[in-house]
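Colleague: coords below, sequence missing:
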């Protein structure tokens, strides 16, 4: 029986990182969780790290700024997964360039998965400012990985259900992470298709890919067929489950583009709403020859449909 790859995860206490840690452990891989020195003052993250340890993970303290220590840590494993924040509040994507240098020097890593997990930066054209910084930085990391000849898999997980289904995509102004019970903003005509994925499923698909030759040096898209839905279809699921009839307020493309933003963060969110729900950049392209689709690779995984996911809010 083949030995399971030893996996190091960076960013394991983050929103998607904690799901990846649990998936690594659940699928039987020796698990190493890197934590930065400053984390020890955050009680919630310390408790999370200790829970990982109780499940069998090895905790490894290292700073991305300490190159020698980082190389030593990387030499202990076979696969590195990064889940550092790429969000609008804590954008740490370029920090991964330090990780790329450590992996390059170590020379033993058979697969690196950088922090991606959203829209594929290489297929987005004419991205709006300042939202385009996410795509620009992710492409810089990709090109650095390729220039260093590091074996990789890029994972495009599209929209995390907790953010975009649970909120019905009401992510501007007063953020609401529970489905509305009275009225909802609909972007454009509401019929543009997107892809919604349960965060725990994302973790499983990511870990399934790390030893799979079919995903080597490719982009893996996670596109569960039943979760390819328009914003209106997600709202309809919620209305059916909750037995509510929401007032729909339609926001045209021009209105969305010309909204007055109260902050830089709101402007970033609006850019992403435009790409997801007006342009349809999650699903307006065919998967190319240097890419693959997770649910076809791993049909044994019973992914969570949005109909099932939304029941938790009723």
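Modeller: Received it, and whenever you're ready, just let me know what you need. Because the structure is predicted, anything quoted here is derived from the model rather than measured. Numbers count the residues shown, from 1 in each chain.

Colleague: Name the nearest residue to the spatially most central residue of the chain, ignoring sequence neighbours.
Modeller: The chain has residue 117 as the residue nearest its centroid, 2.9 Å off, counting by Cα atoms, centre = their mean. Leaving aside its sequence neighbours, residue 117 sits nearest to residue 157 (Cβ to Cβ, 6 or more residues apart in numbering; 4.4 Å). Bear in mind the C-beta positions are built from the backbone N, C-alpha and C, glycine included.

Colleague: For that neighbour, grab the count of nearby residues.
Modeller: Counted by other Cβ atoms under 10 Å, the residues lying close to residue 157 total 25.

Colleague: what does residue 100 give?
Modeller: Count around residue 100 with other Cβ under 10 Å applied: 21.

Colleague: which residues sit in contact with residue 253?
Modeller: Contacts for residue 253 (Cβ atoms under 8 Å, 6 or more residues apart in numbering) come out as 188, 274, 278.

Colleague: What segments of the stretch 1-150 of the chain are strands?
Modeller: Here the stretch 1-150 of the chain has its strands, by DSSP state E, counting those that start in this stretch, at 7-10, 31-35, 58-61, 79-82, 111-113.

Colleague: Can you give the strand pairings for the third one, parallel or anti for each?
Modeller: The pairing partners recorded for strand 58-61 under DSSP bridges are strand 31-35 (parallel).

Colleague: tell me how far the strand it pairs with is from the chain's mean position?
Modeller: Offset of strand 31-35 from its chain centre (Cα atoms, centre = their mean, to the nearest Å): 18 Å.

Colleague: can you list contacts of it?
Modeller: With Cβ under 8 Å, 6+ apart, strand 31-35 has contacts from 6-10, 12-13, 21, 24-25, 45, 49, 52, 56-62, 73, 76-77.

Colleague: what's the answer for stretch 193-203, then?
Modeller: Here stretch 193-203 makes contact (Cβ under 8 Å, 6+ apart) with 15-16, 19-23, 117, 155, 157-162, 164-165, 222-224, 227-231, 234, 276-277, 280, 282-283, 301, 303-304, 306, 309.

Colleague: Since that was my last question, I'll sign off now.
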